[in-house]
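Engineer: my questions concern the predicted model and sequence given below.
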Amino acid sequence: MSFILEDQSNSGGGLGAAASIAAQFGFNLGGISSSGGFFEGDNIIEFLKSRSMLDKTLLTEVVIDGERDLLVNRYIEYNKFREKWREKASLTGIQFKDTTGVYLQDSLMAEFYKLILARNLVIGKPDKKINIIAIEMESPDPKFSKAFVETLIENASNFYIETRTRKAKENLAILTHQVDSVRQELNDAISGVAAAADANPNPNRAFQSLRVGSQLRAVDVQANTAILTELVKNQELAKITLRNEKPVIQVLDKPILPLESDRIGKAKAIIIGGFLGGVLICLVLVMRHIYRQIMDGDPA
């Protein structure tokens, strides 16, 4: 599988201007930065190869051949680990769960992590000049390989988006709460104006104090209207920020079954093995002949 990161938050432009306007009212929309931080450059490669991501992938439930199971169980099955564990009472019948913190399970997961990095998984850039990243998973089980890389990318994408949008979500939640509060205050103020007017439907102009309550509530209506207008503007800006802060892992090439097989056919393997064996035997015979000639002192 190959993919590229699309990060719209680095576009700046109109979004940066929106953030500047919001800042005038004391709001930090967050995330407006040209730096990808943790996900910049080759960091994403190391992130995909991290223990946490590989553990999460192996402990993810997927559907293969119509059966739903954890990927780690499929990994154990094709490696025939359970047959090797029969002599170990602690490992007999062990069942993996989609969680961490279980000592025995975590110990085995640590070994699986090392084996996968050493034998199966390769992540890197096919060309250093471009930002396309390729993931290669090689195993005897093509369906496991396909499911593994697809699940790894899905988990990484979810974590990536959640991390990059967390601050923007928090700011939007605060603004939404403020908008709701001020709207409630405005509704109460409007109700207060109506109540004051109903209490004195025909106030005597000679008694100005009778109009004070209505006037105070009217001031509250005007103030809350102005505040609500600005908060709604900033709420919409925050929504724009959140949309632009959602980076996308754009998949270019997906694994499609049947996958490319590196296995050598039986007939081809016999021919190659026979040829190499014949060459080796001839070489040994020649060396023995030369050795005997040297030992016998025969220059011929």
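Structural biologist: Thanks, I have the structure now.
Engineer: how about Leu152, what does it touch?
Structural biologist: Counting by Cβ atoms under 8 Å, 6 or more residues apart in numbering, Leu152 touches 48, 53-54, 57, 135. C-beta: built from backbone N, CA, C; applies to glycine.
Engineer: tell me, how many residues neighbour the closest residue to Leu71 other than its chain neighbours?
Structural biologist: Take Leu71 and drop its neighbours on the chain: the residue closest to it by Cβ to Cβ, 6 or more residues apart in numbering is Leu58, 5.0 Å away. Look at Leu58: counted by other Cβ atoms under 10 Å, it has 23 neighbours.
Engineer: for Leu58, give me its contacts.
Structural biologist: With contacts defined as Cβ under 8 Å, 6+ apart, Leu58 is in contact with 70-72, 75, 109, 112.
Engineer: pull out the buried members of the residues you listed.
Structural biologist: Buried members of these, scored by 16 or more other Cβ atoms under 10 Å, are 70-72, 75, 109, 112.
Engineer: pLDDT value on Leu228, please?
Structural biologist: In this model, Leu228 is scored at 90, pLDDT.
Engineer: the closest residue to it other than its chain neighbours: what secondary structure?
Structural biologist: Closest residue in space to Leu228, ignoring its immediate chain neighbours: Val182 at 4.7 Å, by Cβ to Cβ, 6+ apart. When classified by DSSP: H, G, I helix; E, B strand; the rest coil, Val182 comes out as helix.
Engineer: hmm, Ile227 and Val182 touching each other?
Structural biologist: Yes. Counting by Cβ atoms under 8 Å, Val182 does reach Ile227; the two are 5.2 Å apart.
Engineer: who's more crowded, these two?
Structural biologist: Taking other Cβ under 10 Å, Val182 and Ile227 do not tie; Val182 has more neighbours (20 against 17).
Engineer: what about the more buried one, distance to Leu231?
Structural biologist: Distance, Val182 to Leu231, by Cβ to Cβ, to the nearest Å: 6 Å.
Engineer: isn't Glu136 right next to Val122, touching?
Structural biologist: Yes. Counting by Cβ under 8 Å, Glu136 touches Val122, with 4.3 Å between them.
Engineer: thinking again about what came up before, neighbour-wise, which of the contacts of Leu152 leads?
Structural biologist: Thr57 (24 neighbours).
Engineer: comparing Glu136 and Val122, which residue is more hemmed in?
Structural biologist: Glu136 (14 against 11).
Engineer: give the contact list for the residue nearest to Leu228.
Structural biologist: Residues near Val182 by Cβ under 8 Å, 6+ apart: 224, 227-228, 231.
Engineer: distance of it from Lys233?
Structural biologist: In this view, Val182 and Lys233 are 13 Å apart by Cβ to Cβ.
Engineer: list the residues that contact both of these two?
Structural biologist: With Cβ under 8 Å, 6+ apart, Val182 and Lys233 have no common neighbours.
Engineer: between the contacts of Leu58, which sits nearest Tyr103?
Structural biologist: Ranked by distance to Tyr103 (Cβ to Cβ), the contacts of Leu58 are led by Met109 at 10.7 Å.
Engineer: quick one, what contacts the residue nearest to that closest one when sequence neighbours are not counted?
Structural biologist: Nearest residue to Met109, sequence neighbours excluded (Cβ to Cβ, 6+ apart): Asp55, at 5.4 Å. By Cβ under 8 Å, 6+ apart, the contact set of Asp55 is 100, 109, 113.
Engineer: any idea which helix or strand comes after the helix or strand harbouring Asp55?
Structural biologist: Assigned by DSSP states H and E, Asp55 belongs to helix 51-58. Using DSSP H and E, the helix or strand that follows helix 51-58 in sequence is strand 61-64.
Engineer: pull out the buried positions in that following strand.
Structural biologist: Within strand 61-64, the residues that count as buried by 16+ other Cβ under 10 Å are Val62.
Engineer: and for stretch 117-131?
Structural biologist: Under the neighbour-count criterion of 16+ other Cβ under 10 Å, stretch 117-131 has 120-121, 123 buried.
Engineer: show residues contacting that stretch.
Structural biologist: 2, 4-5, 42, 45, 48-49, 54, 132-139, 145.
Engineer: would you map the strands across the chain?
Structural biologist: Assigned strands in the chain, in chain order: 2-6, 61-64, 67-70, 121-124, 133-137, 248-253 (criterion: DSSP state E).
Engineer: partner strands of the first one and their direction?
Structural biologist: Okay, so that is strand 2-6. Its sheet considered, strand 2-6 pairs with strand 133-137 (antiparallel), strand 248-253 (antiparallel) by DSSP bridges.
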